[in-house]
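Student: starting from these lines, generate the structure:
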Amino acid sequence: MSVSSLPFVVGANTVEDQRARWERKRSRTAKELLETEHKYLEQLDLVLTYFVTILKAKGTLKPAVLETIFGPLESLYSASHVLSLHLEKGNLGPGLENFCQSLDLYGHYAENLEQANKTLKEEVRNNKSFRQFKKLQETRPQFQGRELEDLLPLPLQRLHQYKHFFRDLLENTSPDTAEYQKLAKTVKSVCEVSHWVQDIFDKRENSLQLLRIQKLLKGQKTQVLTPAVSVSLAYPGRWYIREGWLLVVPAKGEELKRRMFFLFSDILIAAKPCHPLHLLNSNKLSCQAVYLLHQCSVDKVFGHTWSQGGLLSLSFPHKTLLLMSSNQQEINDWYRSLTAAVRQLKA
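Tutor: Below is the predicted model:
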């Protein structure tokens, strides 16, 4: 072998080594995907076998109630079962193509999950025969101490796992293969559905935060929620950001006033505790002011260095609000949150 041909041999070996490493990682990921898919199917099968099938036969729950609680669970099971059969045969490409057609089921399942849990609680509370049936089924050894409520979120947990498995497979597949294109399409589809599901959860959590704060405030004068808004439907455009106690610095040298502030995407609410001896509102807060953020500009008066605490200035057309904290990190966090909210609103 001539010296001049050595670089080409070394280069070829390097490429082959890389392909071998990809294949080893890919094989491990595919094996783990299949093993966890089998476990996932076993868990879904518990719900379908010991709940859905029997409840349908017995008529313990009305068909509409049954559909509300379990949603498209049977269809999700079928999609995963078909995927597992393809994985067992090593037919990853066709398996992914088929699986992608069922991905929207996960989004619909997420949309229904809150109502499913609510309906399940109502049936346990009001339907004695279902309550006894549920308790009996959950004592079976196959459930290993788990309740039905523990198993219903499984599809959404599995969706999160799919995203990581498919990404790992993509990263360890040669880009010049047809399977790489199918994997790339699958990863894109799974990520889109994951964002859809996360958006559902974010909106739901935001709704709960708005409702919690509305209940904290005395009376109905300050509307964090509009009257028609429920837990599942947040006021459009209003997002909860943060809350905390800050000191208000008066303009004329009076003593500092400790206030609770609630920051949303469009407003800032200042509140103080109601009198502790008040019969109805001792645990509530009284709204003192509502500030519109689109009219606000935020400046840090001091707290730029790692000194003790800091002071923020919030300027509105007819008022300047000075907010102080002895906690340096806290004042910095409030400054970042306020400036980001104002910038986003004005954009």
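Student: can you give me the helices for this protein?
Tutor: In the chain, the helices defined using DSSP state H lie at 6-47, 53-58, 63-70, 73-88, 92-100, 104-126, 128-138, 148-151, 154-171, 178-216, 328-346.
Student: tabulate the ones you listed (CSV), appending distance to residue 268.
Tutor: Any C-beta I mention is one placed from the backbone N, CA and C, and that applies to glycine too. Putting those into CSV (distance: least, CB to CB, whole Å) gives the following:
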stretch, distance to residue 268
helix 6-47, 45
helix 53-58, 50
helix 63-70, 39
helix 73-88, 43
helix 92-100, 45
helix 104-126, 29
helix 128-138, 46
helix 148-151, 38
helix 154-171, 34
helix 178-216, 12
helix 328-346, 8
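Student: I'd assumed residue 174 was in contact with residue 180.
Tutor: Yes: applying CB atoms under 8 Å as the test, residue 180 and residue 174 come out as touching, 6.4 Å apart.
Student: compare these two (neighbour count), which wins?
Tutor: It is residue 180, of residue 180 and residue 174, that has more neighbours when counted by other CB atoms under 10 Å, with 15 against 12.
Student: got the contact list for the more buried one?
Tutor: Neighbouring residues of residue 180 by CB atoms under 8 Å, 6 or more residues apart in numbering: 170, 173-174.
Student: of those, which is the nearest to residue 184?
Tutor: residue 170 (6.1 Å; CB to CB).
Student: count the residues that sit near the closest one.
Tutor: 20.
Student: please apply the same query to the one 5 residues further on.
Tutor: A total of 8 residues lie near residue 175 under the criterion other CB under 10 Å.
Student: separation between it and residue 17?
Tutor: Taking CB to CB, to the nearest Å as the measure, residue 175 falls 17 Å from residue 17.
Student: mind listing the strands for the stretch 201-347 of the chain?
Tutor: Taking DSSP state E, counting those that start in this stretch as the test, the strands found in the stretch 201-347 of the chain are 240-248, 257-264, 267-273, 285-292, 297-302, 310-316, 319-325.
Student: dump these into JSON lines; add distance to residue 145 and mean neighbour count as well.
Tutor: JSON lines is the format used below for the strands of the stretch 201-347 of the chain (distance: least, CB to CB, whole Å; neighbours: other CB atoms under 10 Å):
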{"stretch": "strand 240-248", "distance to residue 145": "36", "mean neighbour count": "16"}
{"stretch": "strand 257-264", "distance to residue 145": "40", "mean neighbour count": "19"}
{"stretch": "strand 267-273", "distance to residue 145": "43", "mean neighbour count": "19"}
{"stretch": "strand 285-292", "distance to residue 145": "41", "mean neighbour count": "16"}
{"stretch": "strand 297-302", "distance to residue 145": "51", "mean neighbour count": "15"}
{"stretch": "strand 310-316", "distance to residue 145": "50", "mean neighbour count": "17"}
{"stretch": "strand 319-325", "distance to residue 145": "46", "mean neighbour count": "17"}
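Student: can you list the ones you listed in JSON lines and add mean pLDDT?
Tutor: Listed next are these as JSON lines, based on pLDDT from 0 to 100:
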{"stretch": "strand 240-248", "mean pLDDT": "96"}
{"stretch": "strand 257-264", "mean pLDDT": "96"}
{"stretch": "strand 267-273", "mean pLDDT": "95"}
{"stretch": "strand 285-292", "mean pLDDT": "93"}
{"stretch": "strand 297-302", "mean pLDDT": "89"}
{"stretch": "strand 310-316", "mean pLDDT": "93"}
{"stretch": "strand 319-325", "mean pLDDT": "93"}
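Student: nearest to residue 147, of those strands?
Tutor: strand 240-248 (30.4 Å).
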